[in-house]
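S.K.: Pasted the sequence and its predicted model underneath.
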Number of protein chains: 2
Amino acid sequence: MLSKKSQYAFKALTYLSEKFNDGPVLISEIAKKKKIPLKFLENILLELKKANILDSKKGKGGGYFLKQPPEKIKVATVIRLVNGPIAMLPCVSLYFYERCKNCNENHCGLHDMMVEVRDATLNIVENRTLRDLLL
Amino acid sequence: MLSKKSQYAFKALTYLSEKFNDGPVLISEIAKKKKIPLKFLENILLELKKANILDSKKGKGGGYFLKQPPEKIKVATVIRLVNGPIAMLPCVSLYFYERCKNCNENHCGLHDMMVEVRDATLNIVENRTLRDLLL
DNA sequence: ATTAAGTCTACTTATTTGGTAGGGTATTAT
DNA sequence: ATAATACCCTACCAAATAAGTAGACTTAAT
C-alpha cells in the first residue's frame, strides 16, 4: 500500500500539474485545497525539490512549481522517491535490491513470480506520467 | 513490500507443499530448515490454521500439514491473509476497500491507474498456487 | 504417567509513519 | 534599506505496526 505521505505527494503534484503555467503556488494554498497538514506538506515538497522534481521560489510571490512539464514526470519515479520499492521483495527490486538470505534466487519459485508481478506493475507505472493523472 | 512475516509464511508453506504426502511436519523442523524464529513461526502457522489453509495434529507424531493439496491454495489468498491488501490504495482494494476522503473515485486519475496495477497483479497472483512456487 | 507436540495469552522491543514546533534564511516589493 | 513573505532546516514526538519472546496449558501416543 502507498503511505499517506505518498498519497499527499500525488495530490500535491496533481495540483501543481494543473497549475503548471501559472507560476509558483503557495504551500499553504496546496495544503488548504488538498486538505494536507501544512507542515507535513512542507517536508514532502522539500523532498521532491531535492529530488529535482519540483523547484521553488522564495520571498513574496514565491512558491513551488514543477521543474518539468507534467508529461515528463513518471509515476514510477514519484513512487520510488516517496514510498520506496515498487517490487514485493527486496531480491526482486531494481532500485532497492538486496540479495536473499537462505534462498537461491536462481531456483526460487516465489522469486520468479515476484519478478513477473514487478514487471506487470512497472509496465504501467513506468509508462504513466503526472499528465495521465489529470482528466 | 511483503513483510518478513509473509516471507516466512511462504517459506513454510513451500516446505509443507514439498512434504505434502509425508504426514505432519514439526514446527521445529520447519523453523530449523528455513531459519525462521521458532516462536514467531508458531504464531504464523496458527494463523494459517485458523484461516483453514493448514491443519495440525497435536501430541507425539503431530505437526502441521496443508489442509488441501498445494495446487488448491492460491498465492493471492496467502498474501491477503498474512500481508494484507494487494492493491496500492484502499479505495481500489477488493477485499480491504475503504472509500477515498476528498477525492471522487469516479474522476480520479490516480484511482484509475491503481485499478490497472491491481488487476495486472491479481492476474498473476490469483492464478498461481503453492504448486507453482515449487520447482 | 510421561513425553512430545501444538495452543493460547500476553508481553516486549524495534521500526516506521504521521505529524508538530519553531527558528533560520533568502527574496523581493516598496 | 527594510519589512514582509515564503521557503528551509533541525529536531522532536506520538501512534501504529512489525518482529520477536515467554511461559503456562492442552492434547495425544506410548
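M.R.: Received the coordinates, thanks.

S.K.: what's the burial count for residue A:23?
M.R.: By other CB atoms under 10 Å in any protein chain shown, the residues close to residue A:23 number 11. Yep, even glycine has a C-beta here, placed from its N, CA and C like the rest.

S.K.: My guess is it contacts residue A:62. True?
M.R.: No: with contacts defined as CB atoms under 8 Å, residue A:23 does not count as touching residue A:62, sitting 9.5 Å away.

S.K.: Just the CA coordinates for stretch A:114-129, please, in CSV.
M.R.: C-alpha atoms of stretch A:114-129 as CSV (Å, rounded to 0.1, in the frame of the first residue of the first chain):
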residue,chain,number,x,y,z
MET,A,114,7.5,-11.7,-8.0
VAL,A,115,9.6,-10.7,-11.0
GLU,A,116,6.5,-11.2,-13.1
VAL,A,117,4.5,-9.1,-10.7
ARG,A,118,7.1,-6.4,-10.7
ASP,A,119,7.2,-6.2,-14.4
ALA,A,120,3.5,-6.1,-14.8
THR,A,121,3.4,-3.2,-12.4
LEU,A,122,6.3,-1.4,-13.9
ASN,A,123,4.8,-1.8,-17.3
ILE,A,124,2.1,0.6,-16.1
VAL,A,125,3.8,3.0,-13.7
GLU,A,126,6.9,3.5,-15.9
ASN,A,127,4.7,4.5,-18.8
ARG,A,128,2.4,6.9,-17.0
THR,A,129,3.2,10.5,-16.1
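
S.K.: so what's residue A:91 up against?
M.R.: A:97, A:98, A:99, A:100, A:103, A:105, A:111 (CB atoms under 8 Å, 6 or more residues apart in numbering or on different chains).

S.K.: farthest-separated two in the residues you listed?
M.R.: With distances taken as CB to CB, the most widely separated pair in the contacts of residue A:91 is A:97 and A:103, at 14.2 Å.

S.K.: who has more neighbours, these two?
M.R.: Neighbour totals were compared for residue A:97 and residue A:103, and residue A:103 leads with 19 against 12 (other CB under 10 Å).

S.K.: Show the backbone phi and psi for that one.
M.R.: phi -170, psi 120 (degrees, to the nearest 10).

S.K.: wait, it sits on residue A:111?
M.R.: Yes: because the distance of 7.3 Å satisfies CB under 8 Å, residue A:103 is recorded as touching residue A:111.

S.K.: ok, residue A:52 touching residue A:67?
M.R.: Yes: the pair formed by residue A:52 and residue A:67 meets the contact definition of CB under 8 Å, at 6.1 Å.

S.K.: So these two - more neighbours on which side?
M.R.: Counted by other CB under 10 Å, residue A:52 and residue A:67 do not tie: residue A:67 has more neighbours, with 15 against 12.

S.K.: contacting residues for residue A:40?
M.R.: A:5, A:8.

S.K.: buried stuff in the strand or helix carrying it?
M.R.: Secondary structure assignment for residue A:40, by DSSP states H and E: helix A:38-50. When burial is assessed from 16 or more other CB atoms under 10 Å in any protein chain shown, helix A:38-50 yields the following buried residues: A:41, A:44, A:45, A:48.

S.K.: Helix or strand: which one has the closest residue to the second one other than its chain neighbours?
M.R.: Closest residue to residue A:44 apart from its sequence neighbours, by CB to CB, 6 or more residues apart in numbering or on different chains: residue A:9 at 5.3 Å. Assigned by DSSP H and E, residue A:9 falls within helix A:4-18.

S.K.: Lovely, talk soon.
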